[in-house]
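Trainee: Quick one: sequence plus predicted model below, questions after.
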Amino acid sequence: MQALRSYLFPLTIAFITCLFAAPVAGQQDILRWRMNSLLYPKLFGEAGERFAETVRRLSRGSFIIEVYDRLVLDQETFAALETELIDAVWGSAGHHHREDPALTIFSGIPFGPDTAGFTAWMQTGGGTEALEAIYTRHGLKSLYCGILPAESGGWFVEPIQSAADLDGLSMRSFGYGARVLKKLGVVTYELPAEEIRAALSSGLIDGAEFSLPSIDAELGIAKLAKHLYFPAWQQPVTSLEVLLPMRTWVALSDQNKAVLAAACSETLTWTATDAVLQQIEALAGFRADGVELHAWPLDILAELKRAWDEVIAEEVALDRLLADAWESYLSFRDTYDDWTDHAQTK
């Protein structure tokens with residue numbers, strides 16, 4: 001497979017180089033970016049299009065971002081940015097876990113905060129600085145640009161009544177969530193969206209966790225697995241970002257940096273609010289289709305949390321920058337929990 005990627009990637013470069021011709025005369029004063037979206041256009045990708053349109057509007061047409069859906073794949077992103085095949089990437093930090101496992105935690109923290117808490121950590125609690133330290137070793141710059149609410153907690157063909165029921169099951173899962181499930185005896189597969197239904201239908205997997213209820217609905221998972229569990233312990237939020245080479249960021253004018261910041265702020269607000277209504281509608285649709293909505297039994301959640309504590313301890317021992325990021329989050333969490341414990345109704 002690695003040899004195949006090594007063969008195909010140069011062909012991809014040649015194809016895209018021909019696809020993007022130089023701008024015609026008279027357009028040289030317009031800044032144009034090619035932004036590769038790693039998110040499926042009908043699922044997550046709409047926010048990237050909205051961000052690009054906001055940049056165009058705020059810059060009065062002097063900064064144009066063309067969005068291309070999955071022009072290069074996750075594992076090719078860093079190379080594509082380095083070679084200037086693309087100018088920016090729309091996605092989530094977890095997409096790049098193969099290149100740097102420490103980035104996984106910035107997609108969403110198992111048993112972590114909600115959208116408000118995660119955004120507070122990123123914007124004022126040290127999260128952005130911790131992420132920048134990791135991306136700096138790759139010469140990249142990340143702009144925090146969106147936040148999505150909790151995912152589905154897991155779809156299963158048969159109900160799960162105890163932690164013992166998980167032992168020996170096969171599931172589609174990703175990232176830290178998959179690491180945790182493996183400790184409970186689950187066999188995990190990181191399948192792309194388009195392969196999940198076939199895997200369920202064939203019996204390759206007994207369950208799946210992929211994304212938000214609204215996106216799971218688009219994939220038709222409810223037609224094959226009728227037991228849906230909450231909460232989404234594995235990913236209470238999904239953060240979105242614009243990723244670009246640090247050299248590109250440094251070369252930008254202050255005005256264009258301000259445009260990007262403002263566009264990200266507007267997109268962040270939109271993703272945090274619009275997605276909630278979509279989840280409400282999705283749950284209503286699931287019930288109409290005969291899906292049973294379950295709460296994870298407390299004893300299973302306790303076992304999952306125990307396994308997560310083991311996973312993160314193993315990970316931070318391997319990477320100083322991840323350890324710094326985790327310490328930053330724990331410090332923020334203590335103060336954030338102190339506030340919410342006093343401010344919110346139990």
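Mentor: Everything's here; your move.
Trainee: Can you show me the helices along this protein?
Mentor: Assigned by DSSP state H, the chain shows helices spanning 2-19, 46-58, 77-82, 115-124, 127-136, 163-166, 175-183, 193-202, 213-219, 246-251, 254-288, 298-316, 320-343.
Trainee: who wins for proximity to I30 among these?
Mentor: Checking the helices of the chain against I30 by CB to CB gives helix 46-58 as the closest, at 10.0 Å. In short, each C-beta sits where N, CA and C put it, glycine included.
Trainee: got the angle for that closest one vs helix 254-288?
Mentor: If you take axes from the mean of the first three to the mean of the last three CA atoms, to 10 degrees, helix 46-58 sits at 150 degrees to helix 254-288.
Trainee: And the spatially most central residue of the chain, how far from E241?
Mentor: Centroid-nearest residue in the chain, with CA atoms, centre = their mean: S92, separated by 3.8 Å. When distances are taken as CB to CB, to the nearest Å, S92 and E241 turn out to be 6 Å apart.
Trainee: Same check on I280?
Mentor: On the measure of CB to CB, I280 and E241 end up 26 Å apart.
Trainee: Looking at those two, which one has more neighbours?
Mentor: E241 (25 against 11; other CB atoms under 10 Å).
Trainee: so how far is G146 from the more buried one?
Mentor: Using CB to CB, one gets 8 Å for the distance from E241 to G146.
Trainee: just to revisit the earlier point, to E99, which of the helices of the chain lies closest?
Mentor: Ranking the helices of the chain by proximity to E99 (CB to CB) places helix 77-82 first, at 5.3 Å.
Trainee: ok now that closest one, how far from the chain's centre?
Mentor: Its chain's C-alpha centre and that of helix 77-82 lie 18 Å apart, by CA atoms, centre = their mean, to the nearest Å.
Trainee: what does stretch 235-246 give?
Mentor: Taking CA atoms, centre = their mean, one finds stretch 235-246 lying 6 Å from the centre of the chain it belongs to.
Trainee: ok so, going back, what's the closest of the helices of the chain to S152?
Mentor: The closest approach between S152 and any of the helices of the chain, judged by CB to CB, belongs to helix 213-219 at 5.2 Å.
Trainee: what packs against the closest one?
Mentor: With contacts defined as 3 or more CB pairs under 8 Å, 6 or more residues apart in numbering; DSSP states H and E, the secondary structure elements packing on helix 213-219 are helix 193-202, helix 254-288.
Trainee: give me every residue that touches V187.
Mentor: For V187, the contact set (CB atoms under 8 Å, 6 or more residues apart in numbering) comprises G168, L169, S170, M171.
Trainee: wait, H96
Mentor: Counted by CB under 8 Å, 6+ apart, H96 has contacts D74, T77, F78, L103.
Trainee: Most neighbours among those residues, which one is it?
Mentor: When neighbours are counted by other CB under 10 Å, L103 leads the contacts of H96 with 24 neighbours.
Trainee: Kindly provide the distance from that residue to F210.
Mentor: Summarising the geometry, the distance separating L103 from F210, computed by CB to CB, is 19 Å.
Trainee: before we move on, the earlier item: the residue nearest to the centre of the chain contacts L240, correct?
Mentor: Yes: with contact taken as CB atoms under 8 Å, S92 and L240 are classed as touching, separated by 5.7 Å.
Trainee: what about the closest residue to A120 other than its chain neighbours, how many residues close to it?
Mentor: The shortest distance from A120 to any non-neighbouring residue, by CB to CB, 6 or more residues apart in numbering, is to Y336 (6.5 Å). A count of neighbours around Y336, defined by other CB under 10 Å, yields 18.
Trainee: now the one 4 residues further on
Mentor: Burial measure for T340: 13 neighbouring residues, criterion other CB under 10 Å.
Trainee: For E46, see how far away it is.
Mentor: The gap separating T340 from E46 is 30 Å, by CB to CB.
Trainee: What of Q234?
Mentor: Taking CB to CB as the criterion, Q234 is separated from E46 by 24 Å.
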